[in-house]
Every structure is written in C-alpha cells, then in structure tokens.
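**Student:** just the structure for this:
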Amino acid sequence: MPPRRLLFYVSGHGFGHATRSAALIAALRARAGRDLTIGVRSEAPHWIFTERDPALRCAAAAIDPGVQQPNGLDLDLPRTLAAHEALAAAWNEAVEREARAIADFAADLVVGDIPPLAFAAAKRAGAPAVAVANFGWDWIFESYAGAEPRWRAIAARYRAAYAEAETLFRLPFHGDFPAFSRIVDVPLLVNRSTCTRKAGRRRLGLPDGDGRRLVLISFGGLGSSPFDASAGDDLSDFVCVGFGPRPRGFRADWIELPRPSPIPHEDLMQACDAVLGKPGYGIVAEAIAHGTRFLHLPRADFREIPVLEAALAAHACARRLPREDFEAGRWRSALDALFAQPAPATSLATDGDAVIADALLDRL
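**Tutor:** Numbering: from 1, shown residues only. The predicted structure follows:
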C-alpha cells in the first residue's frame, strides 16, 4: 500500500498554532513512520516544524492573515480587517489555488489549525478535512462586529468554511464553535520536554550548584513591547533567559538565545522556575504541562485572553504583571509574590497529541 498522505494547514498567527501542530505531527510520525507522508502549508516559520522533523515537506502559503500585530501585546484591528477583506475579495481564487495544492499533494486527509481557507479548499478538491483548535476566527472576529459591522461578513464567511469540516478536535480552553457538526473533546495538545530540569539548566550554562531562580522571558513570535530597565528593580539574585540581547540597564544575569533557539522551547520551560510573557495557547499549555510559574502581562481586545487567564487561575501558579511595571522593569514584587504562591491542586491530561494522532490514523 502506498504511504498515506496528510496535509496540514496551520495559521501563522503567533507561534502557538505551529508548535502544537508540530507536537501532533511528531506523534503521527512516531506511530506511522514511513507509512505516512506529511506536508505543511503555513506562513509560520518552517523551523518550528522541521526542528523536530527535518524530512517534513513545508511550503509557504498565504492562507490566514490572522491578527496583525506590531508586537505580542498590541493589535492593529484596522490593518487586520483590511487583510481579511482582501482575502474575502480574492476568496474564490484562493480556494482554487489551495484546492490545486491539495490535489497536487494527493492528500488523503487535510488537517486545519485553523485557517478557514483550508476547509473550503478541501471541499473543492474533494478531500476530507478535520480541524484541531481551541478557537475559530469566526468566534474571534464576531466580537468586533458591534464596533465595526464590516466584521460580520468576514465571520459569516469563515463560519461557512468551517462547516465543511468532518470533525473538530476541540482543545481545552476553547471558545464557541457553532459551525462544526461533530466535535470531539481532547486533552491539551502541547510539546512536552523529555529532559530533566538539571539537564536543561546545564545546557544553558548554569553549574549544578547555582541556586538562583531561572526566569524565561518569552513573547512568542512577535516579541514584547519595548522596555527600559535602567531604573528598574535589582534582580541580581535571578538569572533571566531571553531571545535577543540583554535589555538596556537590566540588573540581572542574562542568557541570550537566538531565534530559532538551539534549545526547544519546552526544554526551556522545564529548565526554568518561571516564565514572563503574554498568555497564548502554546505558552499557557506549556506552563501547565511543566508546572512552570507564569507571570503574564494583560492583553486587550482579543476574545481568547479571558479564557486563557481563567485556565491559568485554575490550573497553574500564575499572576498578572501590569504592563507599565513590565516596561519600567518593576518586576521584583510580582516575582516574589509569584514564588510565594502555592501550586494548584488540579492537574490536566497533556496527551492530546497521542489522542488526536490515533484518531487521525484511524480516519486514514
């Protein structure tokens, strides 16, 4: 029997969609090996996928404008609306283009996380399609329609595209999914570290006897807003790990990592005592899976955020850091309070990769 062929469509909005799809692809590869040919179409950086699976066939494709952001904390809604209206104006051409890509790949199954275009194109190509997500863009964008009615047409178009999917594998911390006729709830889909905390700290260059707390500064693919720590708190009893150079005036040891990092993000989460960043599905799931404390900044105007903050309150040791304190380097009191908090008593299953992979292979 020829290898079965599975084509992923992955949103390039942030890194969360790509990292969890990479976890699912790894689980599929572990189960099916050479009996499965996997392709990815995405605007997300391809190293997110290929660092775990160098043989993966990745292609850049304009499939999902997502939300336009100057950084990881701020949204540009006028630019976002313009991008989605441009896609809507060229919708039929985009569907035809992606239907040809699906046919050329000879996909036995399309998996979308969660570009609406993937499901419309799969329908046009005559290929079955399933979704993996904790939110849909129709749910996100309809929340803006009260202030800007032009969003209603976008949300309606995307809801109609989602209705073409056979099944939604619904992740925890989810919004409403009115378009899907069949929904299967699954555990957290997250990359889990296979190294120990001690091994992770060694990879970062810390000797075994160094008892300082290690804090990861991570804002996904978009980075943080600028901050100036020259008048900020003394954090010399911490070590911070960040993607990029040491911030100006920062008063703590700083371990600089490039992007892409030579150490997978889940291994950094395992090595660190806390993470400071913005709440997105990927980092929230990793914090919960690894028991890493999370000091998170507020994000406005995005419907997913209250859901993720509620998940952190229930399942993680987490607290908010006001943005003005972050940008001024006033982190000390919030970090001290975070480390004084007791760990949550609840736990969540984190084997969504195995559960979904088994279901997809059964479908194939």
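**Student:** contacts, neighbours, all on C-alpha from now
**Tutor:** Fine.
**Student:** name the nearest residue to residue 311, ignoring sequence neighbours.
**Tutor:** Nearest non-adjacent residue to residue 311, counting by C-alpha to C-alpha, 6 or more residues apart in numbering: residue 173, 6.5 Å away.
**Student:** part of a helix, is that neighbour?
**Tutor:** No: read with DSSP: H, G, I helix; E, B strand; the rest coil, residue 173 is coil and lies in no helix.
**Student:** what about it, distance to residue 11?
**Tutor:** As judged by C-alpha to C-alpha, to the nearest Å, residue 173 and residue 11 stand 18 Å apart.
**Student:** who has more neighbours out of the two?
**Tutor:** residue 11 (26 against 21; other C-alpha atoms under 10 Å).
**Student:** so that one makes contact with residue 117?
**Tutor:** No: Residue 11 lies out of contact with residue 117 (C-alpha atoms under 8 Å); the separation is 10.3 Å.
**Student:** overlap of the contact sets of those two?
**Tutor:** Taking C-alpha atoms under 8 Å, 6 or more residues apart in numbering as the contact rule, residue 11 and residue 117 both touch 63-64.
**Student:** ranges for the strands of the stretch 101-250 of the chain?
**Tutor:** For the stretch 101-250 of the chain, the strands defined by DSSP state E, counting those that start in this stretch cover 109-113, 129-133, 167-170, 183-185, 213-218, 238-243.
**Student:** how about TSV for those, with mean pLDDT and distance to residue 33 added?
**Tutor:** Shown next, in TSV, are these (pLDDT from 0 to 100; distance: least, C-alpha to C-alpha, whole Å):
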stretch	mean pLDDT	distance to residue 33
strand 109-113	98	17
strand 129-133	98	21
strand 167-170	98	22
strand 183-185	98	25
strand 213-218	96	33
strand 238-243	95	33
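**Student:** contacts for the longest helix anywhere in the chain?
**Tutor:** Longest helix of the chain, by residue count under DSSP state H: helix 16-32. By C-alpha under 8 Å, 6+ apart, the surrounding residues in contact with helix 16-32 are 10-12, 36, 38, 44, 48-49, 52-53, 113-114, 189-191, 220, 280-283, 352-354, 356-358, 361.
**Student:** now that helix - C-alpha only, CSV.
**Tutor:** Output in CSV follows, covering the C-alpha atoms of helix 16-32 (Å, rounded to 0.1, in the frame of the first residue of the first chain):
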residue,chain,number,x,y,z
GLY,A,16,1.0,28.6,19.2
HIS,A,17,-0.8,27.1,16.3
ALA,A,18,2.5,25.9,14.8
THR,A,19,4.1,24.5,17.9
ARG,A,20,1.0,22.4,18.8
SER,A,21,0.7,21.2,15.2
ALA,A,22,4.4,20.2,15.4
ALA,A,23,3.6,18.1,18.5
LEU,A,24,0.8,16.4,16.7
ILE,A,25,3.0,15.7,13.7
ALA,A,26,5.7,14.2,15.9
ALA,A,27,3.1,11.9,17.4
LEU,A,28,1.9,10.8,14.0
ARG,A,29,5.4,10.2,12.8
ALA,A,30,6.2,8.1,15.9
ARG,A,31,3.2,5.9,15.2
ALA,A,32,3.2,5.7,11.4
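**Student:** give me the mean pLDDT for whichever helix or strand comes after it.
**Tutor:** Sequence-wise, the next helix or strand downstream of helix 16-32 (DSSP states H and E) is strand 36-42. For strand 36-42, mean pLDDT is 97.
**Student:** give me the mean pLDDT for the longest helix of the chain.
**Tutor:** 96.
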